[in-house]
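>>> Got a predicted model here, sequence first, then my questions.
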Amino acid sequence: NGCAQSISSRLKTIEDPSFCSVYLQPALHTQTAFLKDVVVTYWPNANTISPNELTNEIWREIGALLAMLHSIPCSQSNSTSTCSVETLLSEVNQKLELCFGKLTSESDNFLHLVTVAEAWRCIIFADDFSQRIIDIVMGNKTWAHGDFHLGQIVRVCQDDQESLRLIDIDTLSPSAPELDLARPAALFAAGILPGDVWTSFLDSYWQNRFQLTLDESKFWSSADLLVQVLTVKLAIIAINRAIDAGLCLEPTELQIVETCRSIGMKYKN
């Protein structure tokens, strides 16, 4: 079973001592024949971070945690399959098609989706899009979470000391580190993540990023494209949620749609 092999490979990866202070470790995992090679895992209790806890200090801890992951030595030929950039582009196309299939032109959310789709069209049909994607895919790789957001971070207590850990190994792979930074950057660009919070997170990330051999300006050139892609994805997810719930977009979700409008205008200008 390919899926079981992939999960088993990732479980083996995070057993390495270098991952123990980054990822929550399973209490037990086993691959059972009677479940058709399904990998059964048991995980210790851990608490997610509540919105009330999101101080600048917590964001600094989150930045340091992500930097630690990106600093773990990574073999470019590691057996864990890469997901990341190619998967992200495919997901956006699929989610966009799914949303259009649910809407009629009379829907309140139709114009929002058209705005997002236009931004996506401008991104993928830009003259340099293919080359920029190739540069990212073929560029520097680190261990990357692949689906980094606040819901993937938990608080653990060991020896009376609290610290943060990542969870969800399904998308862990050697990939572009820009991918993990793209979501918080997209929220900052949309005005949802305050500037001082973004600065705290980013400063901590760079301060704790070991074995740093990349060109920071080139890094952000690559990240900018992924930020745009993530912004479109977040907007589509928001619209899809609103469609399924029969609701209008919330104010923060409207900000993301407006950021998509700005992205489209940027390409047209």
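Cool, the structure landed. Numbers count the residues shown, from 1 in each chain.

>>> Now do the strands in this structure.
Listed from the start of the chain, the chain has strands (DSSP state E) covering 28-32, 38-42, 47-48, 142-144, 153-158, 161-166, 173-175.

>>> And those, which one averages the lowest pLDDT?
Of all the strands of the chain, mean pLDDT reaches its minimum on strand 28-32 (a mean of 66).

>>> Under the pLDDT cut-off, which ranges of the stretch 1-150 of the chain? List them.
Within the stretch 1-150 of the chain, the set of residues satisfying pLDDT under 70 comprises 1-5, 29-37, 75-83.

>>> got the contact list for Glu57?
Residues in contact with Glu57, defined by C-beta atoms under 8 Å, 6 or more residues apart in numbering, are Ser200. Every C-beta, even on glycine, is put in place using the N, C-alpha and C of the backbone.

>>> scratch that, Leu225
Taking C-beta under 8 Å, 6+ apart as the contact definition, Leu225 lies against Ile123, Phe129, Arg132, Ile133, Ile136.

>>> Quick check: mean pLDDT of stretch 257-269?
Per-region confidence: stretch 257-269 scores 95 on mean pLDDT.

>>> Distance from the lengthiest helix in the chain to the middle of the chain?
Secondary structure assigned by DSSP state H gives helix 216-245 as the longest helix of the chain. For helix 216-245, the separation from the chain centroid amounts to 9 Å (computed by C-alpha atoms, centre = their mean, to the nearest Å).

>>> try stretch 60-79
Per C-alpha atoms, centre = their mean, the centroid offset for stretch 60-79 relative to its chain is 14 Å.

>>> May I see the buried residues of it?
Neighbour-count burial for stretch 60-79 flags 60-71, 74 (criterion: 16 or more other C-beta atoms under 10 Å).

>>> Could you do stretch 185-196 as well?
For stretch 185-196, by 16+ other C-beta under 10 Å, it's Ala185, Ala186, Leu187, Phe188, Ala189, Ala190, Ile192, Leu193.

>>> do the same with stretch 253-260
Along stretch 253-260, these residues count as buried under the neighbour rule (16+ other C-beta under 10 Å): Glu253, Gln255, Ile256, Val257, Thr259, Cys260.

>>> thought the first one was touching Ala235?
Yes: A contact is recorded between Glu253 and Ala235 when judged using C-beta atoms under 8 Å, the distance being 7.4 Å.

>>> in stretch 86-97, what's buried?
Within stretch 86-97, the residues that count as buried by 16+ other C-beta under 10 Å are Thr87, Leu88, Leu89, Val92, Lys95, Leu96.

>>> So which of those belong to helices?
The subset of the buried residues of stretch 86-97 located in helices under the criterion DSSP H comprises Thr87, Leu88, Leu89, Val92, Lys95, Leu96.

>>> Now the two most distant members of the buried residues of stretch 185-196.
Taking C-beta to C-beta as the measure, the buried residues of stretch 185-196 span a maximum distance of 11.1 Å, between Ala185 and Ile192.

>>> list the buried ones in the longest helix of the chain?
Along helix 216-245, these residues count as buried under the neighbour rule (16+ other C-beta under 10 Å): 219, 222-223, 225-240, 242-243.

>>> Then stretch 38-46?
Residues Val39 are the ones in stretch 38-46 that count as buried (16+ other C-beta under 10 Å).

>>> Sounds good, over and out.
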